[in-house]
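Enquirer: Coordinates only, no sequence provided:
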């Protein structure tokens, strides 16, 4: 099939999310000026630069508060800080629980039965049960074009200013033990994927283009 998104796809659900897969999950913790903690997962998340290390996540329209912002975006715009908490097989249920829509004074971290732990460089707490954390400082937010009245997408770019890695994830060769880490990723619809040693393969990048004349 071929379709132009502006004209619709004719399927039961929009296939776009299922065609950009798998996607890392941005499990974002933030805090507002009043001290309210927010924790929410974002399926549009990735690293975008090495130097300085930079991550991004994209947030849709908020459904509760009058400003139409999700709490994560509002908090980050207020404070200029956030934390990305790595989502794994062991934390999948809590991550999913924290996706519930709620008011800004609800602490999703506590509601999901998770343990807050202080960050080093930012005020937003980390999720203790997560094995990896990125403490981030806001670079900028970008409003994306809005094609329908109920759409509102904000991309948040953050510089990673602090990285926490559980020591037992670091092997003797200095690499991360993917088998022990057991990451999960977002697929389309309501589906997720897991990364295990059985699903990882290696390909060395060529030092020259193999088809160059």
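Expert: Structure received. Keep in mind that this is a model prediction, so the values were computed, not measured.

Enquirer: Can you pull out the low-pLDDT segments for the chain?
Expert: For the chain, the stretches with pLDDT under 70 are 62-63, 65-66, 209-213.

Enquirer: could you redo the last one with a cut-off of 50?
Expert: Counting by pLDDT under 50, the chain shows no low-confidence range.

Enquirer: neighbouring contacts of the longest helix seen in the chain?
Expert: The longest helix of the chain (DSSP state H) is helix 71-79. By Cβ atoms under 8 Å, 6 or more residues apart in numbering, the list of residues contacting helix 71-79 from outside reads 28, 30-33, 36, 38, 40, 42, 57, 59, 62, 65, 67, 69, 82, 104, 123-124, 138, 141, 154, 156, 158. Any C-beta I mention is one placed from the backbone N, CA and C, and that applies to glycine too.

Enquirer: Now, of the residues you listed, which are buried?
Expert: 28, 30-32, 38, 40, 42, 57, 59, 62, 69, 82, 104, 123-124, 138, 154, 156, 158 (16 or more other Cβ atoms under 10 Å).

Enquirer: Show me those that map onto strands.
Expert: Members of the buried ones among the contacts of helix 71-79 lying in strands (criterion: DSSP state E): 28, 30-31, 38, 40, 42, 57, 59, 82, 138, 154, 156, 158.

Enquirer: Could you identify the most distant pair in these?
Expert: 31 and 154 (18.1 Å; Cβ to Cβ).

Enquirer: Quick one: end-to-end distance for stretch 147-155.
Expert: Using Cα to Cα, to the nearest Å, one end of stretch 147-155 lies 16 Å from the other.

Enquirer: Check which residues of that stretch are buried.
Expert: Those would be 152, 154, 155, for stretch 147-155 by 16+ other Cβ under 10 Å.

Enquirer: From residue 169, how far off is residue 131?
Expert: Look at residue 131 and residue 169: by Cβ to Cβ, to the nearest Å, they are 6 Å apart.
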